[in-house]
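Visitor: sequence and predicted model, in that order:
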2 protein chains.
Amino acid sequence: MILDNMWYLIIPVAVCLLGLVVAKILASFVMRQDKGNENMTEVHGYIRSGSMMFMFEEARVMLAALVIIAAVLWAIWDWQIAISFTIGTFCSGLAGFIGMNMATNANVRTAQAASGGFSKALKVAFSGGAVMGISVGSIALLGLCFVIWIFRSQFIADNLGIESIRVPLISDMLGGREINFIKGALIISAYSMGASLVALFDRVGGGIYTKAADMAADMVGKVEESIPEDDARNPATIADNVGDNVGDVGGLGADLLESFVGAIISVIVITLYIYVGRSNPDITSGILSKLGLGDLSAANFAGALYLPILLVAGGIIASLAGILFVTLSKSENAHATLMNGTRLSALLTAGFAYFVVSKLSPFNLVPFWSVLIGLGSGILIGFTSEYFTSYQFKPVKKLAETCQGGAGVTVAAGLGLGMKSSFFPVLIITAATIFSYQLGGLVAITYTALGMLSFVVMTVSVDTYGPIADNAGGISQMANLPAKVREVTDELDSIGNTTAAIGKGFAIGSAAFASLGLIAAYLWSAIGSAQEINLPNIQLLSPEVGAYVIAGLLLGAMVPYVFSSLLIESVSETADKMIIEVRRQFKENPGILKGEVIPDYNKCIAISSSHSLKKMVFPALIAVITPLLIGMLLGRVALAGFLFGSLLSALLLALLCANTGGALDNAKKYIETGKFGGKGSKAHAASVAGDTFGDPLKDTVGPSLDILIKLMSVVSLLFASLFPIAPIFMK
Amino acid sequence: MILDNMWYLIIPVAVCLLGLVVAKILASFVMRQDKGNENMTEVHGYIRSGSMMFMFEEARVMLAALVIIAAVLWAIWDWQIAISFTIGTFCSGLAGFIGMNMATNANVRTAQAASGGFSKALKVAFSGGAVMGISVGSIALLGLCFVIWIFRSQFIADNLGIESIRVPLISDMLGGREINFIKGALIISAYSMGASLVALFDRVGGGIYTKAADMAADMVGKVEESIPEDDARNPATIADNVGDNVGDVGGLGADLLESFVGAIISVIVITLYIYVGRSNPDITSGILSKLGLGDLSAANFAGALYLPILLVAGGIIASLAGILFVTLSKSENAHATLMNGTRLSALLTAGFAYFVVSKLSPFNLVPFWSVLIGLGSGILIGFTSEYFTSYQFKPVKKLAETCQGGAGVTVAAGLGLGMKSSFFPVLIITAATIFSYQLGGLVAITYTALGMLSFVVMTVSVDTYGPIADNAGGISQMANLPAKVREVTDELDSIGNTTAAIGKGFAIGSAAFASLGLIAAYLWSAIGSAQEINLPNIQLLSPEVGAYVIAGLLLGAMVPYVFSSLLIESVSETADKMIIEVRRQFKENPGILKGEVIPDYNKCIAISSSHSLKKMVFPALIAVITPLLIGMLLGRVALAGFLFGSLLSALLLALLCANTGGALDNAKKYIETGKFGGKGSKAHAASVAGDTFGDPLKDTVGPSLDILIKLMSVVSLLFASLFPIAPIFMK
């Protein structure tokens, strides 16, 4: 059964619309819940207005950058590329907005529901998260289908081929050469680049915001003045809670959205190149035969091209089923419910994938097996993250013990743990790469990436539930709700932490794979098209270009380090500013600490906001400009090395950051359960220092690195054909 | 002027012998100095016997490992390979022994000389360092000349060619294929591997020893009991001073010795391959013409082959001149004297290189220019290290300011600084790679590595002077010498710190380049010989082997992280054990703290000794076994990726470790000059925690990473021909 061309778009669009209907129902359910007493509504009002204010400010800053980039794209390419880019930014922004809007409404309602019992609170918080999850998946896919539909002539077999243009300035630089490209590939790359750029802004801006506020609130509140976490007397506490929304909800959603888009478009780009090069015997006898096709006829083409879209549409339905399972579950064991829901989604995704590949695609089962490898390895990587960061297991217990030796050794041990934690994930990614490559070459690698991201809706839902529960806890503390309410929200939060650790590992693994897919697509379009759609070979040490690959590898490996250092600096500078402000308020107005005067929350919000917006621009520029610089100065081959080098560094640093931070955080929590002297002990003081060190690593640096490599890859993919093959200065 | 064959060995041997005579004269000068009063002799006796004990124990542990490896080499290859390997281990061990023996005699004499004034003390300390420096260079080169002389038939033009053997088991695994190699290349690779392996043992063992003792001495002595650094009442203080000798003197010497050997042999190996493949038009028209030769005749061969040996012989003479300059200088400005001596050596090295290349080699000036690029970039990298780690400059000043915010932010800022510090070194290495490649391809890259290491004698002399001065300070404190003596040794030490920072940057840069040279040699022997001495191309993403290159890159990038985490763990576990022992002694014998009873120094020495010896074996195994595993399971192409991946990670982590550690150390020292509240302030406490974190990074992890990549590269080089090209399981 091969569908008619149009149905390949109608089915996924229908799935997305169904998803949005479910999201609307869940949202109405959440909004129908009680917002609680006046105190709660007041605190909630502060958090919500702070979050919205940041969102709009951020949008304003981004808008300036996006308009410039869109204009540049128009100037270099044409309006079609600029439009797709803009749609990408819009979709990413919209999904983030819906999610944040929901999260900031669900938090107070979860807090109120918590007074009615655990199961009710879980339902409200998870429904809020699911609205975000569904929005991410559905809007990303809808946007992509929309772009393909507008420019549908570029995706029809008969029209496909390599186009050539003369871009005046650039063609002259290339010695008068014309620039070759496949238009459809550029269009969807631009869409992906738009989504990635917004994601980087969100992650970096949100990450700086949330950690600076968190550090300032802890440092002055908890350490200097000994008032509890989330105490309403702390001027930075609202900023801290706003940060959870803009960083953990907005940032995470945008991050996974762009991984999702990147994974889909890398498959499509490669498929386009294969089709255009289908008469090349290397392709017909190599790749196509591995995929079970003698050749790729025009009749088969649509089935091949739209396969990734149908696969992720299946993932969305599977996730909706998982969400339904969790919201309808009557079980009191929330952890088991969330896990079972996730498992159900994964299984159904695999089932749909089998159906789609075997019934609706022209291929053999290779894409299905690749998706399965991706699904499996994503879940495995998540579990290894849990092992290294949860205090249920040996590593964190041992780390907590080390805390007795003081801050220096604690941090060293935390770093050591993070370094070691890279072992299994890298092994899993390597094995997945080799297996899928054995199955079906480069193409299979891109399907593996897709597999990891196919049930992204469920992943984001579970991940977003965590910060909502966390925020609910904050509100119940600030509004002085009874201790038993706080107990419920604490338990919700602690379950959220476990699922978040798994989610973080998953995000890193999928980022690595999505980049690998994008790099593969880059190689094809940069090197393949130069060799007239031959298979892309990059020679690591050939007499002509070898040293440039090495140069690229070296420079690429360095960029994530410098990028990370900028983020660490930004967080600590912003935190410094806010610490000064909090101390000033306490000093100038002693009534605040006595609880008689309401502190000036907005001052703190404004500091976090304005600084994080300022500081997010330069890192984003690095991500956009470095690949362009490398490509123009050292050429396409060096850029391939650059992308690999940065993938390696970013992957290992991201694992280090996520797991060092996670482990130090949980070592502190473990000590707070009364181990090694509990709160107030020397070990606890050391663990607090460890957490201060680890927090920006895990919540700002690590997640931003995920996006950095994807954005650099997609920028390279879009601009590849503008670069010379080898350096312009080469003889 | 082209020399007769024999003179190519006679000249360098004569230079080495001259060097050893100079070393003997300097050693006699040092030994003639006064050892000071009874207290000093006693303390000195403890340090010396502790150092010697560790050295012999270490040699015993190594011996077991070395005998096994030599036997394996004999079994796989033949006795010639095993013998060269053994000579390599012996030379490295001998140079380390001479250096340590000298350093542990020079320390007490420097302390005594310090009471006679600054200039005298500098002379004694530097002479001690120079003995080590000259030993490293001369013995390494003598050993290499000796190996070449014993097996001279393998280095004569007429005998050269590819040999084939059938190694029973391995050839069967390769599907009955025979194994191809050039015997001479294997012989010198085995020599280099021997030197590298001893270096890794020295660095890892010494690094764990020194930092564990240092941490324990500081933690219990300075922090808990508030007694000053190097106080004789501290049971760990002798172990701490022993550590300076085994780690900083022994470890550093062995490290640079193996970089030096690696740089020389990678040029020779490539020259052998070029000669054997000289009839290949790619080589004659490509490489040889870039080097100014139409073809490489038998008459020219010796001139090409021995060029690297003559170049480094020139570097040794240049260094002797620099040493003479420093020891004869009458200036009171020690920093300027050391710098001028180093500059003189660098200039003379360049001069000799010009003479040797233009007069004694068959090549054009390309090798000379490459050597110059190497020299220049080595020095530049050193300066960037100084900028990021000295408190003369902004980064460390800013870091010290951050210390006011507590331990967590201090460490985070230190890590951020280390990450950022990779920018310039990577840029310099990249530029050097590109420039030398443009000049003369792969061959020029190996000459650039050689250039960086050519005046290693001077580098080691200056670097070893530091720990001798440091030790002298320790002795004068423990022996209660007058404050003004301590002032002199402190100033000597502080100058030593600056030169050491430059030296560390230099060591990392040269390690990166030496590995690049070794990897180039590996590519030639692994891929080149498989393609019958064609130029080595590694295809990053070809349909046959591409995914294996990626797999190799991923796994390679991960190994340095896991390796580092093992070292961090070992240091902290050993320190823990010693902390318990020191606390026990203070508690069980209160007379110790009152200064009435001499503590049991030997217990602490024994703990550091036995633990560091135990812990050094596994990391060394990783370095030897992982490349073998990758080669056997995934093949030669994947191994090439693996080496590049580990080079990238190790280079960036080594820069991070060295500069994070150096900056945190100096931020503490800056605060101790009275800034931000000085000693006893909150900022100082945070900076002490920062130093505890940074110390094992800079003195254990960073330097060991340098050796890890070189050792893995040379192991790969030696075993390359035993591996299948692509994975054995590949269809």
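Guide: Yep, that arrived.
Visitor: okay, now A:I428: neighbour count?
Guide: 21 (other C-beta atoms under 10 Å in any protein chain shown). Where C-beta positions appear, they are placed from N, C-alpha and C, glycine not excepted.
Visitor: helix or strand: which one has it?
Guide: Take DSSP states H and E as the rule and A:I428 turns out to sit in helix A:423-453.
Visitor: now do the helix or strand following that helix against helix A:423-453, angle only.
Guide: For helix A:423-453, the succeeding helix or strand toward the C-terminus, using DSSP H and E, is helix A:456-478. With axes from the mean of the first three to the mean of the last three C-alpha atoms, to 10 degrees defining the directions, helix A:456-478 sits at 110 degrees from helix A:423-453.
Visitor: report the separation between the nearest residue to A:K120 once chain neighbours are set aside and chain B.
Guide: Sequence neighbours aside, A:A113 is the residue nearest to A:K120 in space, at 4.6 Å (criterion: C-beta to C-beta, 6 or more residues apart in numbering or on different chains). For A:A113, the distance to chain B equals 35 Å [C-beta to the nearest C-beta, to the nearest Å].
Visitor: ok, A:A113 - contacts?
Guide: A:33-34, A:120-121, A:123-124 (C-beta atoms under 8 Å, 6 or more residues apart in numbering or on different chains).
Visitor: tell me which element it falls in.
Guide: Judged by DSSP H and E, A:A113 forms part of helix A:79-114.
Visitor: what mean pLDDT does that helix have?
Guide: Averaging pLDDT along helix A:79-114 gives 93.
Visitor: mind listing what's buried in it?
Guide: The neighbour-count check on helix A:79-114 (16 or more other C-beta atoms under 10 Å in any protein chain shown) flags A:80-114 as buried.
Visitor: circling back to that earlier point, can you tell me which of the contacts of A:A113 end up in helices?
Guide: Counting by DSSP state H, the contacts of A:A113 place A:120-121, A:123-124 in helices.
Visitor: where does the stretch 501-650 of chain A dip in pLDDT?
Guide: Counting by pLDDT under 70, the ranges of the stretch 501-650 of chain A that qualify are A:528-545.
Visitor: report whether the helix ranked longest in chain A contacts chain B.
Guide: Using DSSP H to define each element, chain A has its longest helix at helix A:617-672. Yes. Counting by C-beta under 8 Å from any C-beta of the partner chain, chain B has neighbours in helix A:617-672: A:634, A:640-641, A:644-645, A:648-649, A:651-652, A:656.
Visitor: contacts for stretch A:63-83, please.
Guide: Applying C-beta under 8 Å, 6+ apart, the external contacts of stretch A:63-83 come out as A:85-86, A:89, A:150-151, A:167, A:170, A:183, A:186-187, A:190, A:194, A:197-198, A:201, A:617, A:620, A:624, A:718, A:722.
Visitor: now do the SS call for A:N180.
Guide: Secondary structure for A:N180, judged by DSSP: H, G, I helix; E, B strand; the rest coil, is strand.
Visitor: hang on, it packs against A:V167?
Guide: No. Applying C-beta atoms under 8 Å, one finds A:N180 not in contact with A:V167, separated by 11.6 Å.
Visitor: give me the buried entries from the ones in helices among the contacts of A:A113.
Guide: By neighbour count, with 16+ other C-beta under 10 Å, those hold A:120-121, A:123-124 as buried.
Visitor: closest to the centroid, which residue in chain A?
Guide: By C-alpha atoms, centre = their mean, chain A has its centre lying nearest to A:D255, at 2.3 Å.
Visitor: that one reaches A:L708, doesn't it?
Guide: No. A:D255 is beyond contact range of A:L708, at 10.9 Å (criterion: C-beta under 8 Å).
Visitor: quick check: closest non-adjacent residue to A:A658.
Guide: Using C-beta to C-beta, 6+ apart, the nearest residue to A:A658 is A:G702, at 4.2 Å.
Visitor: please apply the same query to A:R109.
Guide: A:Q33 (3.9 Å).
Visitor: so who does the residue nearest to the centre of chain A touch?
Guide: Residues counted as contacts of A:D255 (C-beta under 8 Å, 6+ apart) are A:199, A:202-203, A:507, A:511, A:703, A:706-707.
Visitor: cool, and A:F563?
Guide: Counting by C-beta under 8 Å, 6+ apart, A:F563 touches A:619, A:622-623, A:704-705, A:708.
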